[in-house]
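A.B. asks: Curious how this folds, go ahead:
(one chain, ligands or ions: 1)
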Amino acid sequence: MSYNSRNQRDSATINQKNQAVFNVEGVKVYYGGFLALLDVHLQIPDKEIIAFIGPSGCGKSTLLRCFNRMNDLIPGAKVEGRLHYRDRNIYDSRINSVKLRRQVGMVFQRPNPFPKSIYENIAFSPRANGYKGNLDELVENSLRRAAIWNEVKDKLKAKGTALSGGQQQRLCIARAIAMKPDVLLMDEPCSALDPISTRQVEELCLELKEQYTIIMVTHNMQQASRVADWTAFFNTEIDEYGKRRGKLVEFSPTVQMFNSPNTQEAQEYISGRFG
Ligand code: ADP
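C.D. replies: Numbering: from 1, shown residues only. From the prediction side, this is the model:
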């Protein structure tokens, strides 16, 4: 089955799937005094791929970083509202954000392998976190799950940074998987990759969603339509001081978003009238 038709099939069955993994209620994000993202309400379904689309600066990455409190690492960033991850408010002061980031892993735009061997790229963090199982097995399984084992199994001692860009990105996905996460956040994971590597990462995401919820920021609408079950469309509006702030406009099943969105704004964006 082609992966397009697989996606269509999956989209048709979303209503029978599980409950929300994240429940976002009235989340606002400020950078200093600037309200960058306005009042988001959203439920992220479990074991699905969710794409965030919209023009630059509309808050997609900002919201993505809320899901594992990465915004905590940005000086001046402030998150208001409630964001529940499996019934826990992750902005509760008792939440351990380091532990949260193990459950909600992140893959960045530019592949960022450690300047270590391929093996150590996978083994380093689990070992540092006291992993008691067989590290060789964990390395192999993670690389297999990320569909890169066959390409690297004979050179596990080679530097991760010596791999091609597409391989490095799959290595980074393997590294994230090795921590046994529940959710993978991906911030434009293919924007630095060639079309073949992009295709491989997309195929991989479709495999991985059997086990993980994947939330992906993408500027590539074809990519969203190929891989995502659900699509969130963000846009900007001008505030009373003339500043642009981001907002979530529509969250719909991808097939609906790209064929008959509920909002005029999404319709105009998807048909290329702006953005
Ligand atoms: P997108 O991912 O949709 O391109 P971002 O989430 O990166 O949008 O940015 C949303 C808004 O927040 C933009 O106006 C951007 O300039 C601002 N912003 C993002 N990151 C920071 C930051 N670290 N400090 C200050 N402003 C930021």
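
A.B. asks: and Gly130, how many neighbours?
C.D. replies: Residues lying near Gly130 (other C-beta atoms under 10 Å) number 6. Where C-beta positions appear, they are placed from N, C-alpha and C, glycine not excepted.

A.B. asks: just the one 3 residues further on next, same as before
C.D. replies: Counted with other C-beta under 10 Å, residues neighbouring Gly133 total 9.

A.B. asks: what kind of secondary structure is it in?
C.D. replies: Using DSSP: H, G, I helix; E, B strand; the rest coil, the structure places Gly133 in coil.

A.B. asks: For Glu140, see how far away it is.
C.D. replies: 12 Å (C-beta to C-beta, to the nearest Å).

A.B. asks: Over to Gly81?
C.D. replies: From Gly81 over to Glu140 the distance is 42 Å, taken as C-beta to C-beta.

A.B. asks: For the ligand, give me its nearest residue in the stretch 101-250 of the chain.
C.D. replies: In the stretch 101-250 of the chain, the residue found nearest to the ligand is Gly246; the distance is 5.2 Å by C-beta to the nearest ligand atom.

A.B. asks: ok, now how distant is that residue from Gly165?
C.D. replies: 29 Å.

A.B. asks: who has more neighbours, these two?
C.D. replies: Neighbour totals were compared for Gly246 and Gly165, and Gly246 leads with 24 against 14 (other C-beta under 10 Å).

A.B. asks: So the more buried one is in contact with Leu38, correct?
C.D. replies: Yes - in this structure Gly246 lies within contact range of Leu38 using C-beta atoms under 8 Å: 6.7 Å.

A.B. asks: any common contacting residues for the two?
C.D. replies: Common contacts of Gly246 and Leu38, defined by C-beta atoms under 8 Å, 6 or more residues apart in numbering, comprise Gly59.

A.B. asks: Which residue ranges of the stretch 1-150 of the chain form helices?
C.D. replies: Here the stretch 1-150 of the chain has its helices, by DSSP state H, counting those that start in this stretch, at 3-12, 60-66, 97-103, 118-128, 135-145, 149-152.

A.B. asks: Quick check: buried residues in the fifth one?
C.D. replies: Going back to what we said before, that points to helix 135-145. Neighbour-count burial for helix 135-145, counted by 16 or more other C-beta atoms under 10 Å, picks out 135, 138-143, 145.

A.B. asks: and what of the fourth one?
C.D. replies: Of the residues in helix 118-128, those with enough neighbours to count as buried (16+ other C-beta under 10 Å) are 118-126.

A.B. asks: Run through the bridge partners of Phe234.
C.D. replies: With DSSP bridges as the criterion, Phe234 is bridged to Leu248.

A.B. asks: right, and it touches Gly54 too?
C.D. replies: Yes - when contacts are counted by C-beta under 8 Å, Phe234 is listed as touching Gly54 (3.5 Å).

A.B. asks: Spit out the residues that contact these two alike.
C.D. replies: 60, 246, 249.

A.B. asks: and the residue lying closest to the second one once chain neighbours are set aside, how many residues sit next to it?
C.D. replies: For Gly246, ignoring the flanking residues on the chain, the nearest one in space by C-beta to C-beta, 6 or more residues apart in numbering is Gly59 at 2.7 Å. The tally of other residues near Gly59 (other C-beta under 10 Å) stands at 25.
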